[in-house]
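> pasting the sequence and the predicted coordinates here, then a few questions.
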Amino acid sequence: MGTCRAEEHRRIFVPGPIIVGAGPSGLAVAACLSNRGVPSVVLERTDCLASLWQKRTYDRLKLHLPKHFCELPLMKFPKNFPKYPSKQQFISYVESYAARFNIKPVFNKTVETAEFDVVSGLWNVKTQDDVYTSTWLVVATGENAEPVVPDISGLKNFTGPVVHTSAYKSGSEFANRKVLVVGCGNSGMEVCLDLCRYNALPHMVVRNSVHVLPREFLGLSTFGIAMTLLKWFPLKLVDNLLLLLAESSLGNTDRLGLRRPKTGPIELKNVTGKTPVLDVGAISLIQSGHIRVTQAVKEITRSGAKFVDGREMEFDSIILATGYKSNVPDWLKDSSFFTKEGMPKTPFPNGWKGEDGLYTVGFTRRGLLGTAFDAVKIAEDITEQWMKFNGPLRSSSICTSHIIHLHFNKS
Ligand SMILES: Cc1cc2nc3c(=O)[nH]c(=O)nc-3n(C[C@H](O)[C@H](O)[C@H](O)COP(=O)(O)OP(=O)(O)OC[C@H]3O[C@@H](n4cnc5c(N)ncnc54)[C@H](O)[C@@H]3O)c2cc1C
Ligand SMILES: NC(=O)C1=CN([C@@H]2O[C@H](COP(=O)(O)OP(=O)(O)OC[C@H]3O[C@@H](n4cnc5c(N)ncnc54)[C@H](OP(=O)(O)O)[C@@H]3O)[C@@H](O)[C@H]2O)C=CC1
Ligand SMILES: O=C(O)C(=O)Cc1c[nH]c2ccccc12
């Protein structure tokens, strides 16, 4: 991989921006550009659109915010979709979206490096086969590009199956099994719920504090209530109201081993990115004892786990619900725009634009709502520059995968 010199790759000049990633964020930027008559090339490492949703999520996943908070720019969800669309419905929406804006990503192209060349003023984006060159680079590889697999003491000695939630599909293989689920974010909670539906015996590790809110309160989405209140009231007051609402709906979650952080749920999400759990049924299963809450793991043994409170238990399987991370530091070279964790240093709402034609979409810690915000801004900004060089173009006359092959010299 690293041994290939650029000359051995096909060099491809792209008149419009290069977008890395064909998830909702990359597609949203391509659509907004296409709508304004600006061509782009989308490079995607897998063989499909929205690969996170198609390949790395479990069967029972549904959007946990109402659909109008998860819409991409320029196209609404179908009217007949439920308030919380299923994973399959979301995928079909994304596929119709790409078709509507004639976005045809180049699949099976993993971006290995992207580097700005100060001499030419252009970005060189290298995949396993080609070097794409453009004035603009849009980073759309997502906050969830790679699973986080923590280095838990003794994990490699465990003799049973160990899977990350990104590889978990359903509890069907876990019937009557005792399963240790490490992590209590939305994935951990929902996997425990799914395991119960298949008569497995989940034990969920809670090593820290966590906010749990009901997904709905009196038939209204809690997230929607929060967004409405934020129009009139300060964040801290809204967070306190959400905590009252949570207490009246779920009871005192502290008693279940789920201590709440000192910072309120929305403030914590904004500041650290830690998403509150939106409960869709796990809490009542914890109350009924079907899901057991455990302390932090001290050590994994061949057949189970030792916990920090001194207890020891046997398990058949371990599921790591330990979250995800960005992969930008692995491939974007010399960028002072990103932290070492691969997130923009500039906070929302100004993290979408860097220097030298660099843009980022979908790194706002605000889900698809943040994606839509970034995508519109990026398309406006690039279109303005595009028009200076090219003059206005009609979108109907544009092919979105407009690329020029400069020379072929592949060994
Ligand atoms: C289980 C789960 C459920 C979620 N539910 C919601 C929800 O209900 N509402 C909400 O608002 N948000 C939700 N989110 C947040 C989620 O981040 C968004 O839904 C959305 O998928 C983000 O889109 P994205 O395009 O930024 O990233 P992704 O969907 O991750 O897409 C990034 C794409 O980039 C590709 N890629 C990565 N690296 C490279 C590379 N080096 N070269 C080429 N291609 C590359 C990936 O293969 C992928 O296709 C959820 C997240 C998870 C994990
Ligand atoms: N229905 C939906 O729409 C769903 C949405 N999502 C979204 O996907 C994103 C990712 O969620 P999720 O996969 O839950 O990841 P999160 O990052 O939200 O949660 C990870 C969990 O793993 C714990 N953890 C990490 N490392 C360790 C360790 N070494 N030992 C013990 N515990 C550990 C964390 O604890 P700690 O806090 O102590 O670090 C935390 O509880 C979120 O934005 C979430 O909202 C996920 C599932 C469903
Ligand atoms: O589901 C996710 O991961 C999201 O990021 C959606 C989301 C954005 N802001 C929030 C605040 C509270 C709960 C979920 C979200």
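Great, that's in hand. Ligands and ions are numbered 1, 2, ... in the order given.
> phi first, then psi, for residue 249.
Phi and psi for residue 249, reported as degrees, to the nearest 10, are phi -90, psi -40.
> for the residue lying closest to it once chain neighbours are set aside, which residues are in contact?
Excluding the flanking residues, the one nearest residue 249 by CB to CB, 6 or more residues apart in numbering is residue 214, at 4.3 Å. Using the backbone N, CA and C atoms, a C-beta is placed for each residue, glycine as well. Shown in contact with residue 214 (CB atoms under 8 Å, 6 or more residues apart in numbering): 222, 245, 246, 249, 250, 278, 279.
> which one of those residues sits closest to ligand 2?
Distance ranking of the contacts of residue 214 against ligand 2, using CB to the nearest ligand atom, places residue 278 first at 7.2 Å.
> for my notes, confirm the closest one occurs in a strand.
Yes. Using DSSP: H, G, I helix; E, B strand; the rest coil, the assignment for residue 278 is a strand.
> for it, name its beta-bridge partners.
residue 213 (DSSP bridges).
> what helix or strand does whatever residue of the stretch 51-200 of the chain ends up closest to ligand 1 sit in?
Of the residues in the stretch 51-200 of the chain, the one nearest ligand 1 is residue 142, at a distance of 2.6 Å by CB to the nearest ligand atom. If you go by DSSP states H and E, residue 142 is not part of any helix or strand.
> for the stretch 1-150 of the chain, what lies in contact range of ligand 1?
Counting by CB under 6 Å from any ligand atom, the residues of the stretch 1-150 of the chain close to ligand 1 are 20-26, 43-46, 50-52, 57, 61, 63-65, 70, 110-111, 140-145.
> checking the residue nearest to the spatial centre of the chain next. Helix, strand or coil?
By CA atoms, centre = their mean, the mean C-alpha position of the chain lies nearest to residue 144, the distance being 4.0 Å. Three-state call for residue 144 (three-state DSSP): coil.
> the nearest residue to it once chain neighbours are set aside: how many residues sit nearby?
Leaving aside its sequence neighbours, residue 144 sits nearest to residue 324 (CB to CB, 6+ apart; 3.7 Å). Neighbours of residue 324 under the rule other CB atoms under 10 Å: 19.
> residue 324 is in contact with residue 164, isn't it?
No. Applying CB atoms under 8 Å, one finds residue 324 not in contact with residue 164, separated by 9.1 Å.
> and for those two, which residues touch both?
Contacts common to residue 324 and residue 164, judged by CB under 8 Å, 6+ apart, are residue 147.
> what's the pLDDT at the residue nearest to residue 144?
Note on residue 324: pLDDT of 98.
> residues touching it, list them.
143, 144, 145, 146, 147, 148, 166.
> thinking again about what came up before, among the residues of the stretch 1-150 of the chain next to ligand 1, which lie within strands?
Among those, DSSP state E puts 20, 43 in strands.
> narrow the residues of the stretch 1-150 of the chain next to ligand 1 to those that are buried.
Neighbour-count burial (16 or more other CB atoms under 10 Å) is assigned, among those, to 20-26, 43-46, 50-52, 57, 61, 63-65, 70, 111, 140-145.
> and ligand 2, is the helix or strand hosting residue 228 touching that?
Using DSSP H and E, residue 228 falls within helix 222-230. No. Helix 222-230 stays clear of ligand 2 (CB under 6 Å from any ligand atom), getting no nearer than 10.5 Å.
> please renumber so the chain begins at 326
Got it, first residue is 326 now, which makes that one helix 547-555.
> same for that helix, what does it pack against?
Applying 3 or more CB pairs under 8 Å, 6 or more residues apart in numbering; DSSP states H and E, we find helix 547-555 packed against helix 560-575.
> now the helix it packs on against helix 547-555, angle please.
Put simply, helix 560-575 runs at 150 degrees to helix 547-555, going by axes from the mean of the first three to the mean of the last three CA atoms, to 10 degrees.
> list of residues touching helix 560-575?
Taking CB under 8 Å, 6+ apart as the rule, helix 560-575 contacts 536-539, 542, 547, 550-551, 554-555, 558, 578, 585, 588-592, 595, 604, 608.
> same for the helix or strand that comes right after it, what does it pack against?
Where DSSP H and E defines the elements, the next helix or strand beyond helix 560-575 is helix 590-597. Identification of packing neighbours for helix 590-597 by 3+ CB pairs under 8 Å, 6+ apart yields helix 560-575.
> mind exporting the C-alpha coordinates of the helix it packs on to PDB?
Written as PDB, here are the backbone C-alpha positions of helix 560-575 (Å, rounded to 0.1, in the frame of the first residue of the first chain):
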ATOM      1  CA  LEU A 560     -29.800  25.600  28.100                       C
ATOM      2  CA  LYS A 561     -29.300  24.900  31.900                       C
ATOM      3  CA  LEU A 562     -33.000  25.600  32.500                       C
ATOM      4  CA  VAL A 563     -34.000  23.300  29.600                       C
ATOM      5  CA  ASP A 564     -31.700  20.600  31.000                       C
ATOM      6  CA  ASN A 565     -33.300  20.900  34.400                       C
ATOM      7  CA  LEU A 566     -36.800  20.600  32.900                       C
ATOM      8  CA  LEU A 567     -35.600  17.500  31.000                       C
ATOM      9  CA  LEU A 568     -34.400  15.900  34.200                       C
ATOM     10  CA  LEU A 569     -37.700  16.600  35.900                       C
ATOM     11  CA  LEU A 570     -39.500  15.000  32.900                       C
ATOM     12  CA  ALA A 571     -37.200  12.000  33.000                       C
ATOM     13  CA  GLU A 572     -37.700  11.500  36.700                       C
ATOM     14  CA  SER A 573     -41.500  11.600  36.400                       C
ATOM     15  CA  SER A 574     -41.400   9.200  33.500                       C
ATOM     16  CA  LEU A 575     -38.600   6.700  34.400                       C
END
